[in-house]
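1. quick one, structure for this:
(one chain, ligands or ions: 1)
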Amino acid sequence: MSYLTLDGVSHYYFSKKQYTESLHNISFSVKRNEFVALLGPSGCGKSTLLSMISGMLQPAEGEILINNEKIEISDLEIGYMLQQDYLFPWKTIIDNVLLGPQIRKRQTSDLKQRAIALLEEVGLENVADKYPSELSGGMRQRAALIRTLITEPEILLLDEPFSALDFQTKLKLEVLVSDLLKAYQKTAILVTHDIGEAISMSDRIILMSSNPGAIAKIYDVPVELRDESPFLARKHPKYGRLFDKIWADLDQQKHTVKPIEENAYERS
Ligand SMILES: Nc1ncnc2c1ncn2[C@@H]1O[C@H](COP(=O)(O)OP(=O)(O)OP(=O)(O)O)[C@@H](O)[C@H]1O
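-> The predicted structure follows:
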């Protein structure tokens, strides 16, 4: 049963002199609690697609449905995690985390306890009263994740959240985020340029082509990889095979502009 459905979605950017079709006839579904990764060449429209799912941009054609119904996306609680943590530097970590519910006037008596418990899950309980400038990049991203999770989002949109981190921190965070999203049963869409990250974290991978952005292929990540943590999944023989396949397909997208294929769905 599909939870989030994009049905024939297209989008254009307009300037004074011209318009650009950024996305063309995008159709796919995401199941509840599923983790889907979007991969594709630079400029193929991945961030635009996330902005449409978040409700910040509207489709020019097509529809975005939740449980097969057209609803106001603004009625949904959507969590966004970006490459930059966007923590307020003048607020402590705990105050940054509490800000979302406070703005939405969703303060409950146990909110602070919940925030501390979540910070504990990512090893930040001892820095709750520190300021973002006193934390490392990886710690700040963990704080940003908790700030997002405390609002109990129905859908989590992750736009290259690990790309500014060093490799070791990035791997550790991939494991942490993956475990937390599974534990809290979140539906998530990750935009990344990193094939390894896409394979090791997600249930399915959508490969996009560009000019205009369209779906080129969809891969199911083998269950053996999905059952492993992102770190161990990278050591599985099926990881290398899927990596090579996506690498070759991604390379194709850079050289050809293909219209959407009738039979674009491919199981690995
Ligand atoms: N505000 C804007 N006005 C006009 N064109 C835009 C705007 N934002 C993006 N575009 C264009 O739309 C297309 C898709 O951009 P988008 O940022 O969604 O791609 P992307 O796949 O996320 O790129 P990257 O991987 O480099 O972050 C690009 O051709 C881009 O130049």
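2. where does the prediction get shaky in the stretch 1-150 of the chain?
-> Counting by pLDDT under 70, the stretch 1-150 of the chain contains low-confidence ranges at 73-74, 105-109.
3. which residues in it form strands?
-> Along the stretch 1-150 of the chain, counting by DSSP state E, counting those that start in this stretch, strands occupy 2-14, 19-31, 35-39, 61-66, 69-70, 78-82.
4. does the last one reach the ligand?
-> No: for strand 78-82, no contact with the ligand is found by CB under 6 Å from any ligand atom; the gap never falls below 11.0 Å. Placement of C-beta: from N, CA and C, glycine included.
5. contact partners of that strand?
-> Outside strand 78-82, the residues that touch it by CB atoms under 8 Å, 6 or more residues apart in numbering are 50, 53-55, 141, 144-145, 148-149, 151, 153-161.
6. return the most buried member of the strands of the stretch 1-150 of the chain.
-> A comparison of the strands of the stretch 1-150 of the chain by mean neighbour count, using mean count of other CB atoms under 10 Å, puts strand 35-39 on top with a mean of 25.
7. give me the residues contacting that strand.
-> Strand 35-39 is touched from outside by 28, 30, 46, 49-50, 178, 181, 187-193, 195, 197-199, 201-208, 246, 250, with contacts defined as CB under 8 Å, 6+ apart.
8. can you narrow those to ones near the ligand?
-> Lys46.
9. drop anything exposed from the contacts of strand 35-39.
-> 28, 30, 46, 49-50, 178, 181, 187-192, 195, 197-199, 201-208, 246, 250 (16 or more other CB atoms under 10 Å).
10. run the chain-centre distance for stretch 10-22.
-> Relative to its chain's centre, stretch 10-22 lies at 25 Å (CA atoms, centre = their mean, to the nearest Å).
11. brain fart, stretch 139-152
-> Using CA atoms, centre = their mean, the distance from the centre of stretch 139-152 to the centre of the chain it belongs to is 14 Å.
12. buried ones in that stretch?
-> Buried, per 16+ other CB under 10 Å, within stretch 139-152: 139-151.
13. same check on stretch 110-120?
-> Using 16+ other CB under 10 Å as the test for burial, stretch 110-120 gives Arg114, Ala115, Ile116, Leu118, Leu119.
14. the third one contacts Asp129, doesn't it?
-> Looking back up the chat, that one is Ile116. No: judged on CB atoms under 8 Å, Ile116 makes no contact with Asp129 at a distance of 10.8 Å.
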